[in-house]
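In: The following block contains a protein sequence and its predicted model.
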Amino acid sequence: MMNSITLVCLLLCTGVSSFRFEELTQYVNSHEEEFIETLRQWIAVESDSSDVTKRPDLHRMMDMTAEKLRLVGGSVEMVDVGTQALPNGSSLALPKVVTARFGEDPSKRTVCVYGHVDVQPAKKEDGWATDPYELTDIDGNLYGRGASDNKAPVLAWIHTVEVYKALNIDLPVNVKFIIEGMEETGSNGLDDMIVAQKDSFFSDVDYIIISDCVWLSRRPALTYGTRGNCYFFAEVEGPKKDLHSGVYGGTVMEPMTDLISILGADLLRQLKTLHISSETHGNTCFSPSWLHQVDLLAHRWRHPTVSIHGIEGAFSSPGTKTVIPAKVIAKFSIRQVPNMDPAVVEKQVTDYLHSVFAKRKSPNKLNITMVIGAKPWLADPKHPLYEAGKAAVKRVFAVEPDLIREGGTIPIARTFQDVTGKSIIMLPIGGFDDGLHSQNEKISRYNYMEGTKLFIAYLHEVSQIKKY
């Protein structure tokens, strides 16, 4: 008959009793309001990385992130990644990247969690039902800019470590964090930092986890691919100043007319018309005329697309203004898929637009600039990281996860893969209807809390991956 000591030893070796999942998740349940209050404090910081006037807020957001990690017991560093060159020739300090370490046990796996705490621009007058920088709880949804992208997922990972620490339960793996503040504008400075720390910070990392994406439906998902993104400015400059349209209209080549011409049907004709088919997405995100019925996911995951985002310099305020703008700048992007090289795309787009512009024989000047050139990323969904993800999802949600790609872009994923050589998984907790980059962005209480439990379970499952 097996004695009690042998039984305990066997249970510990097989991991049956060593993972106190119910105890860990009960702590999450009992601290829900505390976790939400922390998110409320983070949402209140206008950490818009695209607005240089908000740079002090962004620095404060990085300080808050570092302080939270210190409070949880991490060994924290704030890494200087240099300055940002501004269009007027001046420079501005980039927000420091926050790194943290929890545990240095060489017998354990080491995972590195990446996230960002900068956000897209948001104003209530853009169509928000609530103040975008005041977390608002409506019917179990937590509304605020950055709630889903990416502040709540970052906090959920920090809460995961916090829960283990609070209950004096050893983390099943060593955990590192790398949190940046410039993701929404291209992760300025982070690529160089990763290269510089390849043989130091990343030397003992086994796997990298990114939770900067969302589910495809109401079913949890594991993401194994993202599209890249080439973002362009097309500037047409004409008269030295704005002109009266009544006096000069019809007598000058207008920059706006030139710009519309080169960005019109000729550019978009190369893409198939898109139409919506999914009832779920049609009711939440899109106009019913966008995506083909059969090709919904192919268009979202596997095909390149062109989107025109706006024209700077044009009159867009309420009322009327009869003026010919002296300079206008179009902003558009092309989503990349595997085997597309941003450098090649930059040349192709630049050459094409200049050729179209030349045919107009306009006296105005055209300048094309690619400001973001992010490569696509693709992983192997059969990797043990994904098997661990499936096990964690089944433990928390009692379902099999969807294996999906993401139509958006996470620029740093490809850099992690190419520079460090580490395996990567994207483990989302955001909902398909969270409205990332849009008005009324939110994350549900359910996804925030159950997502934290998913991360708790995932660390355990990763610890079970055999070392080779």
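Out: Now that the structure is in, tell me what you want to look at.

In: Could you tell me the average pLDDT over stretch 349-362, please?
Out: What stretch 349-362 shows for mean pLDDT is 94.

In: residues of that stretch that come out buried?
Out: Residues V349, T350, L353, V356, F357, S362 are the ones in stretch 349-362 that count as buried (16 or more other CB atoms under 10 Å). To be clear about C-beta, it is placed using only N, CA and C from the backbone, and glycine gets the same treatment.

In: what do you get for stretch 372-386?
Out: Buried positions in stretch 372-386, judged by neighbour count with 16+ other CB under 10 Å: I372, G373, A374, K375, P376, W377, A379, P381, H383, P384, L385, Y386.

In: Hmm, T185 and the third one touching each other?
Out: No: taking CB atoms under 8 Å as the definition, A374 is not a contact partner of T185, at 11.3 Å.

In: In helices only, show me the buried residues of stretch 372-386.
Out: Counted as lying in helices by DSSP state H, out of these, are P384, L385, Y386.

In: residue contacts, the residue lying closest to the last one once chain neighbours are set aside?
Out: Leaving out its chain neighbours, the residue that sits closest to Y386 by CB to CB, 6 or more residues apart in numbering is L222, at 5.6 Å. Residues in contact with L222, defined by CB atoms under 8 Å, 6 or more residues apart in numbering, are 381, 386, 389-390, 393, 401-404, 425-428.

In: tell me the phi and psi of L222?
Out: Per-residue torsions, L222: phi -120, psi 130 (degrees, to the nearest 10).

In: please begin residue numbering at 12 from this point
Out: With 12 as the first residue, the last one maps to L233.

In: Apart from its chain neighbours, what residue comes closest to the residue nearest in space to the middle of the chain?
Out: Relative to the mean C-alpha position of the chain, the nearest C-alpha, by CA atoms, centre = their mean, is the one of D223, at 4.5 Å. Nearest residue to D223 in three dimensions, chain neighbours excluded: N161, at 4.8 Å (CB to CB, 6+ apart).

In: quick one: contacts for that neighbour?
Out: Taking CB under 8 Å, 6+ apart, we find N161 in contact with G126, H127, V128, E194, S222, D223.

In: Tell me, what's the model's pLDDT at I335?
Out: Model confidence at I335, given as pLDDT, is 87.

In: Next, count neighbours for it.
Out: 21 (other CB atoms under 10 Å).

In: That one is in contact with G261, isn't it?
Out: No: using CB under 8 Å, I335 is not in contact with G261; the gap is 10.2 Å.

In: Low-confidence stretches in the stretch 112-261 of the chain?
Out: Along the stretch 112-261 of the chain, no part satisfies pLDDT under 70.

In: where along it do the strands fall?
Out: Counting by DSSP state E, counting those that start in this stretch, the stretch 112-261 of the chain has these strands, from start to end: 121-127, 147-149, 152-154, 185-191, 218-221, 232-237, 239-248, 254-255.

In: of the contacts of L233, buried ones?
Out: Buried members of those, scored by 16+ other CB under 10 Å, are P392, Y397, G400, K401, V404, P412, L414, I415, I436, M437, L438, P439.

In: I'd like these written out as CSV, with secondary structure and distance to S214 added.
Out: CSV is the format used below for the buried ones among the contacts of L233 (DSSP: H, G, I helix; E, B strand; the rest coil; distance: CB to CB, whole Å):
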residue, secondary structure, distance to S214
P392, coil, 27
Y397, helix, 24
G400, helix, 25
K401, helix, 29
V404, helix, 30
P412, coil, 31
L414, strand, 30
I415, strand, 31
I436, strand, 20
M437, strand, 23
L438, coil, 23
P439, coil, 28
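
In: Could you single out the nearest of those residues to Q37?
Out: Closest approach to Q37 among the buried ones among the contacts of L233 (CB to CB): V404, at 19.6 Å.

In: Enumerate every residue touching that closest one.
Out: The neighbourhood of V404, defined by CB under 8 Å, 6+ apart, consists of P231, L233, V410, E411, P412, L465.

In: In the residues you listed, find the pair that's most separated.
Out: Once CB to CB is applied, these give E411 and L465 as the farthest pair, at 13.8 Å.

In: which one of these two has more residues nearby?
Out: Comparing E411 with L465 by neighbour count (other CB under 10 Å), the higher total belongs to L465, at 24 against 11.

In: quick one: contacts for the closest residue to the more buried one other than its chain neighbours?
Out: Nearest residue to L465, sequence neighbours excluded (CB to CB, 6+ apart): V407, at 4.8 Å. Going by CB under 8 Å, 6+ apart, V407 touches P231, E461, K464, L465, A468.

In: how does it look with 10 Å?
Out: F32, T36, P231, E461, G462, T463, K464, L465, F466, I467, A468, Y469 (CB atoms under 10 Å, 6 or more residues apart in numbering).

In: starting at the chain centroid, how far to the helix or strand hosting the fourth one?
Out: Assignment of secondary structure by DSSP states H and E places E461 within helix 456-474. Helix 456-474 has its average C-alpha position 19 Å from the chain's average C-alpha position, going by CA atoms, centre = their mean, to the nearest Å.

In: Ok, stretch 129-137 next?
Out: Computed by CA atoms, centre = their mean, the separation of stretch 129-137 from the middle of its chain amounts to 16 Å.
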